[in-house]
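S.K.: Sharing a model that was predicted from the sequence below.
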Amino acid sequence: MSQLQENAKPLLSVRGLTLDIPLASGTLHAVRGIDFDLHKGETLCIVGESGSGKSLTSLAIMGLLEKNIRRSAQTLDFDGVDLIGASKRQMRTLRGNRIAMIFQEPMTSLNPAYTIGDQLVEALRLHRKVSNEEARARAVELLEKVGITAAASRLGQYPHQLSGGLRQRVVIAMALMCEPELIIADEPTTALDVTIQAQILSLLVDLTKEMDVAMILITHDLGVVARVADKVGVMYAGALVETGPASEVFGAPMHPYTRGLLHCIPQPGKTKRGEKLGTIPGIVPSLIGEVQGCAFRTRCPHVVEACRGEIPERGTPPHEFLCVHADGARAAEGEPA
Amino acid sequence: MLPFILKRLGLAALVAFTVSFISFSLLFLSGDPAAALAGETASGEDIEAIRRLYGFDRPMLVQYGEWLFQALRGDFGESYYFKLPVASLIADRLSVTMTLGVCGITFALLTAVPLGVVAAIRPNSIIDRIALFLSVAGQAMPSFWFGLILIVLFGIKLRWLPPSGASTWQHFIMPTIVLGYYAMPAIMRLTRAGMLEVLNSDYIRTARAKGAGEGRVLFKHALRNAIIPVVSLAAVQMGFMLGGSIVVESVFALHGAGYLAWESIARNDLPTVQALILIFSMFYIIFTFLADVLNAWLDPRMRSS
């Protein structure tokens, strides 16, 4: 990231985003005060295990949370629009227009009753005063852009006539119809065949770069993150435990959890042949009721008494992490500080 | 779409043909029709004479062919009891039944679908509770009892509506409510269940993420998918209602086809029974066919299967 862009006003600014779900057994603190900034054209990858609050965070930005989830934040600002205070109408004019979303399940995220042409055209005509013909022309253009052949004839097809990979291409095209400034992609390739995953992902990344769209990519595939991210946010149990430029987070992971994650996958040059890959012992703690201290302490090899208390924010922006150890216990693991 | 329609049409024709054969053979299921017709005191010669007069001595398939050929031309023979052509007898009664059936299903759909949609949008809300109460009551109350209550209340006590008969449109209000209310609970519950399921589906989330308004999400994206099973159910209920409700027609003294069927069965008037069975089954076949076509239009996945 250039210094200039770091200093510019971010496109999306999140401070202290908290999501609480009231349950019969107590309040589930699904997301606990997360902060991040996203600038124009940047790609932020949010990684973390299932249930760490990644998807809820994305839905919270879109204003698409279930009604029973309580959302609060000091700042949730998209290009000067306060998303917390925004009216339903304001949110509708943003959704699909300036902020688009791509969901995980291409098989079910398109309406089976309408042709893909109708659904693509709808995405544009909800926000722009264009004729049906103009919207169809735009749809054809984007279908070609996402690598669908014979695009014009595809407009009359129904979702069930397309394969999963094709459908996800359609979903991507649909997200791009209004030239959004931000795309939130929630595990866009998880449900696809492995052979298709890489194609779809490069397509998404190339298009966002080409069209200068900022992207929040939610994934648990660290290989993907290493390839495409400008910035990385590591989520654990509802908290962003480490954020920073991708090169720094991968080059010098500070939080013990981040290092644990990275040990779980083979890394060229680091993992020796025949060496066993790491695992993180233990399970994610329950987030029901008051959560005190570091949520990772039950699984962390460097746990100390102070982990039960307030956890300080360490590091220097833009690379920050949450840990009681000033060096994130890097020295204890024999890593250079 | 056209190949689908043709296929369904062919299937419907096959079913209709089978039904016609079954309804014709009913004549022979209850023993010797000539003996039945002649009465208990008839001599063997009388029976023989009647057998020849009505053509019962010919092979069954020949008789069936003749009956079918005439039925296709609208001639169902003569009623044993009324001594009138069955066709004109039924035509008379059918207009009452069809008026009641169309009004009944319209009433049922117009109350059940909106109520089901609202109940699904706000599950466990007060409207959902009221809808549930109405559907349980509708399911639990016998039609004859509900009909009598309405007659006592609106026909006798308040004198707002005529208690029985079929001469004006006011006569049809109470029977419509009773018949429609009988069909309403199932349609309402199915609409609610369908909407609840569809509203939780991924493509509804996609529609919201596109920036679609709530009305568009509900009616364009959700209802079209949720209504598909309701169409099939409504078709069956429509067939049922056009078959005439003996109970409702008796309670309100509407002399419709249902009442005629009951009379003819009681009097062993076989040509009338045969014709009614055939016509009632045709209603079912036609409505099932129409429901299939409508569903195929609503859901493109059905067209290919």
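M.R.: Arrived safely, thanks for sending.
S.K.: alpha carbons only for contacts and neighbour counts from here, please
M.R.: Noted.
S.K.: all strands for chain A, in order.
M.R.: Assigned by DSSP state E, the strands in chain A fall at A:12-23, A:26-38, A:43-47, A:70-72, A:75-78, A:81-82, A:99-102, A:182-186, A:214-219, A:231-236, A:239-245, A:313-316, A:319-322.
S.K.: With the stretch 51-200 of chain B instead?
M.R.: Assigned strands in the stretch 51-200 of chain B: none (criterion: DSSP state E, counting those that start in this stretch).
S.K.: what about the helices in it?
M.R.: Along the stretch 51-200 of chain B, counting by DSSP state H, counting those that start in this stretch, helices occupy B:60-72, B:86-121, B:126-140, B:143-150, B:173-199.
S.K.: Buried deepest among those helices, which one?
M.R.: Highest mean neighbour count of the helices of the stretch 51-200 of chain B: helix B:173-199, a mean of 23 (counted as mean count of other C-alpha atoms under 10 Å in any protein chain shown).
S.K.: tell me the contacts of A:F103?
M.R.: The contact partners of A:F103, taken as C-alpha atoms under 8 Å, 6 or more residues apart in numbering or on different chains, are A:S109, A:A185, A:D186, A:E187, A:P188, B:T206.
S.K.: I'd like those laid out as CSV, including neighbour count and pLDDT.
M.R.: Below are the contacts of A:F103 laid out as CSV (neighbours: other C-alpha atoms under 10 Å in any protein chain shown; pLDDT from 0 to 100):
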residue, neighbour count, pLDDT
A:S109, 21, 92
A:A185, 23, 94
A:D186, 22, 92
A:E187, 21, 89
A:P188, 24, 89
B:T206, 24, 94
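S.K.: what's the most distant pair in the residues you listed?
M.R.: Farthest pair in those (C-alpha to C-alpha) is A:E187 and B:T206. Separation: 14.6 Å.
S.K.: lowest-confidence stretch among the strands of chain A?
M.R.: If you rank the strands of chain A by mean pLDDT, strand A:313-316 sits at the bottom with a mean of 87.
S.K.: where does chain A dip in pLDDT?
M.R.: A:1-7, A:337 (pLDDT under 70).
S.K.: What of the stretch 101-250 of chain B?
M.R.: Of all residues in the stretch 101-250 of chain B, those with pLDDT under 70 make up the ranges B:244.
S.K.: can you list the residues of it near chain A?
M.R.: Counting by C-alpha under 8 Å from any C-alpha of the partner chain, the stretch 101-250 of chain B comes close to chain A at B:201-206, B:208-213, B:221, B:224-225.
S.K.: 6 Å - rerun?
M.R.: With C-alpha under 6 Å from any C-alpha of the partner chain as the criterion, the stretch 101-250 of chain B meets chain A at residues B:D202, B:Y203, B:A209, B:K210, B:G211.
S.K.: Show me which helix runs longest in chain A.
M.R.: Counting by DSSP state H, the longest helix found in chain A is helix A:194-210.
S.K.: Packing partners of it?
M.R.: With contacts defined as 3 or more C-alpha pairs under 6 Å, 6 or more residues apart in numbering or on different chains; DSSP states H and E, helix A:194-210 has no helix or strand neighbours.
S.K.: hey, C-alpha coordinates of it in PDB?
M.R.: This file holds the C-alpha atoms of helix A:194-210, laid out as PDB (Å, rounded to 0.1, in the frame of the first residue of the first chain):
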ATOM      1  CA  VAL A 194     -11.500 -27.700  -6.400                       C
ATOM      2  CA  THR A 195     -10.600 -27.400 -10.100                       C
ATOM      3  CA  ILE A 196     -13.000 -24.500 -10.600                       C
ATOM      4  CA  GLN A 197     -12.100 -22.700  -7.300                       C
ATOM      5  CA  ALA A 198      -8.800 -21.300  -8.600                       C
ATOM      6  CA  GLN A 199     -10.400 -20.100 -11.800                       C
ATOM      7  CA  ILE A 200     -13.300 -18.300 -10.100                       C
ATOM      8  CA  LEU A 201     -11.000 -16.800  -7.600                       C
ATOM      9  CA  SER A 202      -8.500 -15.400 -10.100                       C
ATOM     10  CA  LEU A 203     -11.500 -14.100 -12.100                       C
ATOM     11  CA  LEU A 204     -12.900 -12.300  -9.100                       C
ATOM     12  CA  VAL A 205      -9.500 -10.800  -8.100                       C
ATOM     13  CA  ASP A 206      -8.600  -9.800 -11.700                       C
ATOM     14  CA  LEU A 207     -12.000  -8.100 -12.100                       C
ATOM     15  CA  THR A 208     -11.800  -6.200  -8.900                       C
ATOM     16  CA  LYS A 209      -8.300  -5.000  -9.700                       C
ATOM     17  CA  GLU A 210      -9.300  -4.000 -13.200                       C
END
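S.K.: Could you check how far the closest residue to B:V247 other than its chain neighbours is from chain A?
M.R.: Nearest residue to B:V247, sequence neighbours excluded (C-alpha to C-alpha, 6 or more residues apart in numbering or on different chains): B:F144, at 6.2 Å. Computed as C-alpha to the nearest C-alpha, to the nearest Å, the B:F144 to chain A distance reads 41 Å.
S.K.: Over to B:S304?
M.R.: The separation that B:S304 has from chain A, given C-alpha to the nearest C-alpha, amounts to 10 Å.
S.K.: Next: B:A291.
M.R.: Applying C-alpha to the nearest C-alpha, the value for B:A291 to chain A is 16 Å.
S.K.: State the number of residues packed around that residue.
M.R.: 21 (other C-alpha atoms under 10 Å in any protein chain shown).
S.K.: The strand or helix carrying it versus helix B:60-72: what angle between them?
M.R.: Per DSSP states H and E, B:A291 falls inside helix B:270-298. Inter-element angle recorded for helix B:270-298 and helix B:60-72: 70 degrees (by axes from the mean of the first three to the mean of the last three C-alpha atoms, to 10 degrees).
S.K.: buried ones in helix B:270-298?
M.R.: Residues of helix B:270-298 classed as buried by neighbour count (16 or more other C-alpha atoms under 10 Å in any protein chain shown): B:270-293, B:295-296, B:298.
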